[in-house]
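**Student:** Sequence plus predicted model, see below.
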Amino acid sequence: MINKIADSAAQAVSGLKDGATVMIGGFGTAGIPEVLIDALIAQGARDLTVVNNNAGNGDTGLAALLNTGRVRKIICSFPRQVDSHVFDALYRSGKLELELTPQGNLSERIRAAGAGIGAFYTPTGYGTELAKGKETRIIDGKPYVLEYPIHGDLALIKAEKGDRWGNLTYRKTARNFGPTMAMACTTTVASVHEVVALGELDPETIVTPAMFVTWVVPIARQATQAVGLQKSSTKASTL
């Protein structure tokens, strides 16, 4: 019987080795799998390359992982924000390598890895420092830059619902990079707020099929999140 429900987040990430590439879902704070990141911190792998749209907020989640000093390099499109002080300090001191990638290119590089595409040409970045040292080509009179896929060893993503086979659905913007990261990595660990019975998820609503998921980790929705959602709903009803 196929059952991908992990006993704990710690079990799900236990096999990660030093030097691995870890893709972490999330767009800003939307869809960040904080419980899985905490498990990765406790696991202790070092010399990691992390792929995320951002470079951490405040002192929790991705920022907490960077603060351990066990991340060698980060690939992202938007590293600096008002509360990205952990990244700023590490980068300015030369303790963290940055590969800056335009957001669309980042998304497509991840998708290309999952789709088995060897490389692709894009006009984004041509003529800038981001294209330095890369192959360029003129196609139909337009300049393009050659970009390569980003493959990962482990994807940590946050979903809304999942079944024991590993089929996943997401909640609104928490979906962001999760589906393509799941396809681009050898191992995918997804946290879910609800585990449902097989057949309960409408096949037409499943975003990430089970074949791309290794472990499903049930995570109770925090009371503070529920209160925040309730306040947002109340505010919206008064507009």
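**Tutor:** Nice, I can see it.
**Student:** and the residue nearest to Phe87 when sequence neighbours are not counted, how many neighbours does it have?
**Tutor:** Spatial nearest neighbour of Phe87, excluding adjacent residues (C-beta to C-beta, 6 or more residues apart in numbering): Ala55 at 3.9 Å. Where you see a C-beta, it was placed from the backbone N, CA and C, and this is true even at glycine. For Ala55, the count of nearby residues is 27 (other C-beta atoms under 10 Å).
**Student:** measure Ala55 to Asp18 for me?
**Tutor:** Here Ala55 is placed at a distance of 21 Å from Asp18 (C-beta to C-beta, to the nearest Å).
**Student:** ok, now Leu130?
**Tutor:** From Leu130 to Asp18 the distance is 29 Å (C-beta to C-beta).
**Student:** what do you get for Asn52?
**Tutor:** Counting by C-beta to C-beta, the gap from Asn52 to Asp18 is 19 Å.
**Student:** How about the contacts made by the residue nearest in space to the middle of the chain?
**Tutor:** In the chain, the centroid-proximal residue (C-alpha atoms, centre = their mean) is Gly25; its distance is 2.0 Å. In this structure, Gly25 makes contact with Gly31, Ile32, Pro33, Asn52, Ala155, Leu156, Ile157, Lys158, Asn176, Phe177, Gly178, Met181, judged by C-beta atoms under 8 Å, 6 or more residues apart in numbering.
**Student:** neighbour-wise, which of those leads?
**Tutor:** Most surrounded of these: other C-beta under 10 Å gives Leu156, at 35 neighbours.
**Student:** Would you verify that that residue is located in a strand?
**Tutor:** Yes. Counting by DSSP: H, G, I helix; E, B strand; the rest coil, Leu156 is found in a strand.
**Student:** I figured it was touching Asp38, is that so?
**Tutor:** No. Applying C-beta atoms under 8 Å, one finds Leu156 not in contact with Asp38, separated by 10.4 Å.
**Student:** Please, where are all the helices along the chain?
**Tutor:** Under the criterion DSSP state H, the chain contains helices at 9-12, 34-43, 62-67, 85-92, 103-115, 178-184, 223-238.
**Student:** I'd assumed Arg221 was in contact with His193.
**Tutor:** Yes. If you go by C-beta under 8 Å, His193 and Arg221 touch, sitting 4.8 Å apart.
**Student:** So between those two, which is more surrounded?
**Tutor:** Taking other C-beta under 10 Å, His193 and Arg221 do not tie; His193 has more neighbours (17 against 11).
**Student:** quick one: the more buried one and Val50, what's the gap?
**Tutor:** 24 Å.
**Student:** How about Phe120?
**Tutor:** Taking C-beta to C-beta, one finds Phe120 at 23 Å from Val50.
**Student:** Pick out whichever of those two has more residues nearby.
**Tutor:** Val50 (26 against 17).
**Student:** Which helix or strand in the chain has the lowest average pLDDT?
**Tutor:** Taking mean pLDDT, DSSP states H and E as the measure, the chain has helix 223-238 as its least confident helix or strand, at a mean of 44.
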